[in-house]
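J.: got a predicted structure here, sequence first:
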Amino acid sequence: MKKEIIIKHLGVVLLLNGIFLFISFLISFFLNETSTMALLFSALICGIFGVFPLIFVERTEYISFSEGLTIVVLGWVITCVVGMLPYLMWGGEFTLTNAWFESVSGFTTTGSTILTEIESLPKGILFWRSSTHWIGGIGVILFVLLVLPQSKGRRVTIYNTEISSLSKMNFRYNKRKIVYILAIVYVSLTLFETIALMVFGMNFFDAINHSFATIATGGFSTKNLSIADFNNLGIEIIIMLFMILSGNHFGLIYGTIMLKKENLFRSSLAKTFVSVMFIGILLVSLKLYLSGIYDFWTSLRYGAFQVISLGTTTGFATVDTIHWPIFTQIILIYFTIQCAMSGSTSGGLKFDRVYIFFKLLGKQIKLLKHPNSVFVSKVDGKRIDEQLEEQTLVFIVLYVVVFFATTIVLTAMDIDGMTAFSASIATLGNVGPGFENVSSLGNFASLPDLGKFVLSINMLLGRLEIFNILALIMIKK
C-alpha cells in the first residue's frame, strides 16, 4: 500500500475543512466573539497539514482498491478528529468526549447533540457546527474527487468505495460527471432553500445554517427548540419540501430538472418512497387527532413534519414526541430504521434496500408456488443483479445485528430500554433524535461518556455503510 497517495488525498480533506473553519473564524472575528482564536488556530492547523502533502508528496497515477478504501475511511475519521479542534479550544460544554461526539454527529449528518444551551454558542461555532453537516452531506471524499486531478483508474476506485452500488442504479453517466451532478444539485438545493427561508421570515444566518442541515439531512439547528422555536407554518412547509427532495436520489432530481427519462415522476422507487411516507403521515396524524392530543390540522402539521424529518434522517423537530401515544412512536421508529433513498444525503439502511427486500419476498413466494420457474426481480425495468440481492439481504441482517448489539451494550450501562433502543437506531441510521431521554427536543448530554463513544462509532458505521469498515479491517488482517 502506497502511503504517499493516501496522505495526498487526506491533505485535500484537511484543506476543505480549513476553508470552512476560516469562514467560521471570519464570522467570529467581525462579531468580536470568544471563539475567534479557537477557530483561527483550527483553520491554520488544517491549512498547514493540508498544504504540505499537496506540495511535497509526489503524484501517483495508480491506486488500488485497498488504498481507495483506506482513503475513504481515514478521510472520514480524520475529518471528525479535526472537527473537534474548535470545540475543544473554545470549551464550554465540550469535553473531549462531547467534542468527539458532536463532531462525528455533524459530519455523519446524524444531528444528535450533547448541547443543552445551543443559543449560547458564538455564531462562529454555530456556523462551523452547521458546516460539518454540509461537508459530510455530500461526502468528504467526493470533494476530493472534485478538487484533486484524478486519472480514470484512480477516480473509479475511490468513487466505487465511497458510493454504494444501490445509488448507481439510477445513473447512466461516467463517474466524473456523476460527481459534478451530485455537487451541482447539492449546492443548488442549498441556495434555493436559503432564499425560500428568508422569504418566510428567517434571517440570513439562521437560513443558511438550517439549509446546510436540511440539504445534508442533518438536523443541527441554531435554536434550543429546533424548528419549533420559529413557530412558522411557512418555514415548516419549506423545510418539509426540501427534506423530501434531499431524501430522494440526486440523480433523479437532476433528471427531473433536465427532463430526462429517469426522473422522480417515473421512478417506482421515488414514488413508493413518497407513498410510504404519506401513509405514515396519515397514521400518525389520525392517531394524534383521535387521541384528543391536538385538533385535526395541528395533528397533521406536527405529524407530517416529524414523519418527514425522521423518514429522511434529518432530525429537526417542531414538537417533543416523548409524550405521544406509543403507536405513533412505533411508526416513527419504523421510519428511523427505513431511512431515505440511496443517492441522497441520507445515511442508514436506505429505502432502496427495503424495496428490494419486498421484491425478493415476492419472488420467494412465487417460487413456492412454481418451484421450477425462473423469476427475475426488476426496478423500473432494470434487472436487479443477484449479487446486489445477496448484498442487500446480508446488509439488512448485519444492520439489525449492529443496532441490537449496541442496545445491549447501552443497557449494560444502566440506560433505560427505550432510550438505549431508540438511540442505537437513531445513530446507526444517522437520524439524530430518539425517545425518552434522547427525544426530539432533548439531547444526549445525560448519557455516560462510554455510551457517547459507542454511539459515535454507530454513526460512522451508518454513514460508511458498515461494509467499508469491515472490508478495511479484513484487508489489514
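T.: Nice, thanks for sending it over. Numbers count the residues shown, from 1 in each chain.

J.: point to the residue nearest the middle of this protein.
T.: The centroid of the chain falls nearest to Thr109 when counting by CA atoms, centre = their mean (3.7 Å).

J.: can you tell me how far the closest residue to it other than its chain neighbours is from Val401?
T.: Closest residue to Thr109 in three dimensions, ignoring its sequence neighbours and counting by CB to CB, 6 or more residues apart in numbering: Gly218, at 4.1 Å. Where C-beta positions appear, they are placed from N, C-alpha and C, glycine not excepted. Note on Gly218: its distance to Val401, by CB to CB, to the nearest Å, is 26 Å.

J.: who has more neighbours, these two?
T.: Gly218 (33 against 11; other CB atoms under 10 Å).

J.: what are the phi and psi values for that one?
T.: Gly218 adopts backbone torsions of phi -100, psi -70, taken as degrees, to the nearest 10.

J.: need the pLDDT of it.
T.: The per-residue pLDDT reported for Gly218 equals 91.

J.: wait, it sits on Thr314?
T.: Yes. At 6.7 Å, Gly218 and Thr314 qualify as touching, with contact defined as CB atoms under 8 Å.

J.: shared neighbours of these two, anything?
T.: Listed as contacting both Gly218 and Thr314 by CB atoms under 8 Å, 6 or more residues apart in numbering are 111, 432.

J.: where in this structure is pLDDT low?
T.: For the chain, the stretches flagged by pLDDT under 70 are 1-2, 56-65, 139-176, 467-469, 471-477.

J.: now do the strands in it.
T.: 378-379, 382-383 (DSSP state E).

J.: quick one: strands adjacent to the first one?
T.: So that's strand 378-379. strand 382-383 (antiparallel) (DSSP bridges).

J.: Val400 and Ile425, how far apart?
T.: Applying CB to CB to Val400 and Ile425 gives a distance of 10 Å.

J.: list the buried residues for stretch 84-102?
T.: Neighbour counts over stretch 84-102 (16 or more other CB atoms under 10 Å) mark 84-90, 92-94, 97-102 as buried.

J.: residues in contact with that stretch?
T.: Identification of contacts with stretch 84-102 by CB under 8 Å, 6+ apart yields 21, 24, 34-35, 37-39, 41-42, 45-46, 80, 103, 112-117, 120-122, 125, 128-129, 444-445, 449, 452-453, 455-456.

J.: hmm, which of those are the buried ones?
T.: Applying 16+ other CB under 10 Å to the contacts of stretch 84-102, the neighbour count classes 21, 24, 35, 38-39, 42, 45-46, 80, 103, 112-115, 121-122, 125, 128-129, 444, 452, 455-456 as buried.

J.: just the helices in the stretch 251-400 of the chain please.
T.: Assigned by DSSP state H, counting those that start in this stretch, the stretch 251-400 of the chain shows helices spanning 268-290, 296-311, 326-338, 351-369, 386-411.

J.: need the winner for burial among these.
T.: Comparing the helices of the stretch 251-400 of the chain by mean neighbour count (mean count of other CB atoms under 10 Å), helix 296-311 ranks first with a mean of 23.

J.: what's next to that one, contact-wise?
T.: 219, 227, 233, 236, 239-240, 243-244, 247, 277, 280-281, 284-286, 288-289, 293-294, 314-319, 321, 328, 331-332, 335-336, 338-340, 431, 433, 440.

J.: now do stretch 416-423
T.: Contact with stretch 416-423 is made by 112, 333, 336, 406-407, 410-411, 415, 434-438, 444, 447, 451, 455, as judged by CB under 8 Å, 6+ apart.

J.: Leu31: what's it in contact with?
T.: Residues near Leu31 by CB under 8 Å, 6+ apart: 122-124.

J.: backbone phi and psi for it, please?
T.: Here is the backbone geometry of Leu31 (degrees, to the nearest 10): phi -100, psi 0.

J.: ok, it to Leu85 distance?
T.: Distance from Leu31 to Leu85, by CB to CB: 20 Å.

J.: what does Phe107 give?
T.: Per CB to CB, Phe107 is found 13 Å from Leu85.

J.: tally of neighbours for Phe265?
T.: Residues lying near Phe265 (other CB under 10 Å) number 9.

J.: residue contacts, the closest residue to it other than its chain neighbours?
T.: Counting by CB to CB, 6+ apart, the nearest residue to Phe265 once its immediate chain neighbours are dropped is Thr256, at 6.8 Å. By CB under 8 Å, 6+ apart, Thr256 lies in contact with 263-265.

J.: I'd assumed Ile235 was in contact with Phe200.
T.: Yes. Taking contacts as CB under 8 Å, Phe200 lies within contact range of Ile235: 5.0 Å.

J.: of these two, who's got more company?
T.: It is Ile235, of Phe200 and Ile235, that has more neighbours when counted by other CB under 10 Å, with 21 against 16.

J.: hmm, back to that, could you dump the contacts of Leu31 to JSON lines with distance to Leu269?
T.: Shown next, in JSON lines, are the contacts of Leu31 (distance: CB to CB, whole Å):
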{"residue": "Pro122", "distance to Leu269": "42"}
{"residue": "Lys123", "distance to Leu269": "40"}
{"residue": "Gly124", "distance to Leu269": "40"}
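
J.: closest to Glu193 out of those residues?
T.: Lys123 (19.5 Å; CB to CB).

J.: can you tell me which residues contact that closest one?
T.: If you count contacts by CB under 8 Å, 6+ apart, Lys123 has them with 27-28, 31, 33, 205.

J.: many thanks, I have nothing further to ask.
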